[in-house]
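K.L.:
Make a model of this:
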Amino acid sequence: MSIDQGTGSTRAILFDQGGRLVSVAQREHRQHYPKPGWVEHDAMEIWRNVEHVARESLHRVGAGADQVAAIGIANQRETSVLWDRRTGMPIGRAVVWQDTRTDELVARFAERPDAALVPERTGLPLATYFSAPRIRWLLDRVPGLFERAERGDVLFGTMESWVVWNLTGGPDGGVHVTDVTNASRTLLMDLRTLRWDRELLDFFGVPAAMLPEIRSCAEVYGTASRAVPGVRIAAALGDQQAALFGQCCFSRGEAKCTYGTGGFLLLNTGESPVRSSHGLLTTVGYRIGSQPAAYALEGSIAVTGALVQWFRDNLGLISSAPEIETLARTVEDNGGCYIVPAFSGLYAPHWRSGARGVIVGLTSYITKGHLARAVLEATGWQTREVVDAMNADSGLELNTLKVDGGMTADNLLMQFVADVLAAAVVRPMIAETVSLGAAYAAGLAVGYWPDLEGLRRNWHRAAQWLPAMDPARRESEYANWRRAVERTFDWVQPNPGSSAR
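P.N.:
Predicted structure coming up:
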């Protein structure tokens, strides 16, 4: 069983030994926006949803908990929750990864003379995106909370920690753990030692007693006493790392990109972390038991599918997302038009919070078909920028990109991505790669699957796109794209310390 605790919903999926989906149950949770820039979730609502979907997924196929070999958990990363160890009640709502309330606090941290310690130890920039500033913000807002945290009476966790603690008993003996992928996104873990770093804890003012124990991604953390009693909980990974694992990117140089509202591209860089000088994040890809960790470079694209939604909902030029491919095919090319969707700044590899979106190259020749093609091409060009940065940082040359997510149903887009990367693009049979990755890791931990090669044999290609664009045209259009991107810079004055995912 995989429990995928995502930003918008929680799902439980059952997989069989062939990696095939057997049953799925899903329940959405409410998004809370109490102030501009604030995004919150009710952790108790999410826990109730975990209980519901876990039972429902079994009920739908008439299975019992005794038929489940193990549970793996994938989760929205960086979302932070504090809770009372004795009562099990959260201290306020969980602060979601998209939340930017800590921008002023991050700016103050960045001004400190020892601020370089953070990227040096963690491989990550000092930004609102990550968990440590949120913990500090919460500790500062509730009288007496810091002292309770120092005593270990208040616990911190990202969502997988919260789910495991509750599954294993909550206030009645719940296991307080996290895995290396989620711990690597807190700004509190040393990327090389894979342990909480005393100097980082002191820098942010976070008591060690409130932190979970860091474990590997694939080992038995405990046994569920709630929701699915008696089942071993044997894996946890952040959602994008789970997709890397579900895509069987087990070798150095293998990469995947998940295309949803945004895009997340991860490249396996092997057993040593690769520091980026091109705007990428260095993170833990996964760790199996006591084996060495596999590291990854990550490039985040803020707007991919969200641009199609904007084209549909705000402009009304299509009535459903799949129609954009049909409209884009009414023309041969973009007619010289480029759309850069910097709606809330640019993410990797630029990290320009003051950027805003532009449409360039408009002439009276441009039709809605050209605009539709420019919308799709924006995802391709943004992917190219991230892949170029990854190649430069890693010294590797990407020749195949594994893809997943809703946008991979668009054949025109996938062909364009292959064209601009000059690389093969492949989509697997099983689209639920996040959930599958968590299930794979759990199955490995308990011997349900024997080894990584056994998992590779489960991976089957559903579709492949090979590059067909003339190289001279590719580079000419890429130059145009880069000029369009430059037009977005510094449209608004950036807010010091703020960052986006």
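K.L.:
Where does pLDDT dip in the stretch 201-350 of the chain?
P.N.:
Counting by pLDDT under 70, the stretch 201-350 of the chain contains no low-confidence range.
K.L.:
Can you give me the neighbour number for residue 198?
P.N.:
With neighbours defined by other Cβ atoms under 10 Å, the count for residue 198 comes to 11. Where you see a C-beta, it was placed from the backbone N, CA and C, and this is true even at glycine.
K.L.:
so how far is residue 492 from it?
P.N.:
According to Cβ to Cβ, to the nearest Å, residue 198 and residue 492 sit 39 Å apart.
K.L.:
now residue 312
P.N.:
26 Å.
K.L.:
Return the set of buried residues in the lengthiest helix in the chain.
P.N.:
The single longest helix within the chain, with elements called by DSSP state H, is helix 368-394. Within helix 368-394, the residues that count as buried by 16 or more other Cβ atoms under 10 Å are 369-390, 393-394.
K.L.:
Could you point out which residue ranges in the chain have low pLDDT?
P.N.:
Confidence mapping of the chain against pLDDT under 70 gives the ranges 493-501.
K.L.:
Please pick out the residue of it most distant from its centre.
P.N.:
Using Cα atoms, centre = their mean, the residue of the chain lying farthest from its centre is residue 364. It sits 40.2 Å away.
K.L.:
Now that one, what are its backbone angles?
P.N.:
phi -70, psi -10 (degrees, to the nearest 10).
K.L.:
Same check on residue 134?
P.N.:
phi -70, psi -40.
K.L.:
out of residue 312 and residue 492, which sits in the busier spot?
P.N.:
Higher neighbour count among residue 312 and residue 492: residue 312, with 17 against 10, using other Cβ under 10 Å.
K.L.:
which residues touch the more buried one?
P.N.:
318-321, 323-324 (Cβ atoms under 8 Å, 6 or more residues apart in numbering).
K.L.:
May I ask which two of those are separated the most?
P.N.:
319 and 324 (10.5 Å; Cβ to Cβ).
K.L.:
who's more crowded, the two?
P.N.:
Shown here are residue 319 and residue 324; by other Cβ under 10 Å, residue 324 has more neighbours (24 against 9).
K.L.:
Does that one touch residue 407 like I think?
P.N.:
No: Residue 324 lies out of contact with residue 407 (Cβ atoms under 8 Å); the separation is 9.9 Å.
K.L.:
who touches both of the two?
P.N.:
Residues touching both residue 324 and residue 407 (Cβ under 8 Å, 6+ apart): residue 308.
K.L.:
re the thing from before, between the contacts of residue 312, which is closest to residue 418?
P.N.:
Using Cβ to Cβ, the contacts of residue 312 come closest to residue 418 at residue 324, 18.3 Å.
K.L.:
Surely residue 3 is in contact with residue 442?
P.N.:
No: look at residue 3 against residue 442 with Cβ under 8 Å: they stay out of range, at 9.9 Å.
K.L.:
Between these two, which contacts overlap?
P.N.:
In contact with both residue 3 and residue 442: 71-72, using Cβ under 8 Å, 6+ apart.
K.L.:
In the stretch 1-150 of the chain, what residue spans correspond to strands?
P.N.:
For the stretch 1-150 of the chain, the strands defined by DSSP state E, counting those that start in this stretch cover 2-5, 9-15, 21-28, 40-41, 71-75, 80-84, 94-95.
K.L.:
Let me know which of those is tucked in deepest.
P.N.:
strand 71-75 (a mean of 32; mean count of other Cβ atoms under 10 Å).
K.L.:
Parallel or antiparallel, list what pairs with that strand.
P.N.:
strand 2-5 (parallel), strand 232-238 (parallel) (DSSP bridges).
K.L.:
picking that back up, neighbouring strands of the helix or strand following the longest helix of the chain in the sheet, and parallel or not?
P.N.:
On the C-terminal side of helix 368-394, the nearest following helix or strand under DSSP states H and E is strand 400-404. Strands that pair with strand 400-404, judged by DSSP bridges, come out as strand 255-259 (parallel), strand 424-428 (parallel).
K.L.:
any idea how far the residue nearest in space to the middle of the chain lies from residue 331?
P.N.:
Central residue of the chain (Cα atoms, centre = their mean): residue 240, 3.9 Å from the mean position. Taking Cβ to Cβ as the measure, residue 240 falls 34 Å from residue 331.
K.L.:
again, but for residue 410
P.N.:
Distance of residue 410 to residue 331, given as Cβ to Cβ: 16 Å.
K.L.:
shouldn't residue 98 be in contact with residue 39?
P.N.:
Yes: using Cβ under 8 Å, residue 98 makes contact with residue 39 at a distance of 4.6 Å.
K.L.:
unless I'm mixing things up, residue 35 is touching residue 101, no?
P.N.:
Yes: under the criterion of Cβ under 8 Å, residue 35 makes contact with residue 101 at 7.4 Å.
K.L.:
more crowded one of the two?
P.N.:
Higher neighbour count among residue 35 and residue 101: residue 101, with 18 against 9, using other Cβ under 10 Å.
K.L.:
Distance check, residue 104 against residue 243.
P.N.:
33 Å.
K.L.:
More neighbours: which of these two?
P.N.:
Higher neighbour count among residue 104 and residue 243: residue 243, with 27 against 16, using other Cβ under 10 Å.
K.L.:
Assign that one to helix, strand or coil.
P.N.:
The assignment at residue 243 comes out as helix when based on DSSP: H, G, I helix; E, B strand; the rest coil.
K.L.:
again with residue 206
P.N.:
Under three-state DSSP, residue 206 falls in the coil class.
K.L.:
Pull the number of nearby residues for it.
P.N.:
Using other Cβ under 10 Å, residue 206 is surrounded by 24 other residues.
K.L.:
How about the contacts made by the residue lying closest to it once chain neighbours are set aside?
P.N.:
Using Cβ to Cβ, 6 or more residues apart in numbering and skipping residues adjacent in sequence, the residue nearest residue 206 is residue 135, 5.2 Å away. Neighbouring residues of residue 135 by Cβ under 8 Å, 6+ apart: 80, 82, 156, 204, 206, 210.
K.L.:
Then residue 444?
P.N.:
Counting by Cβ under 8 Å, 6+ apart, residue 444 makes contact with 218, 235, 288, 451-452, 455.
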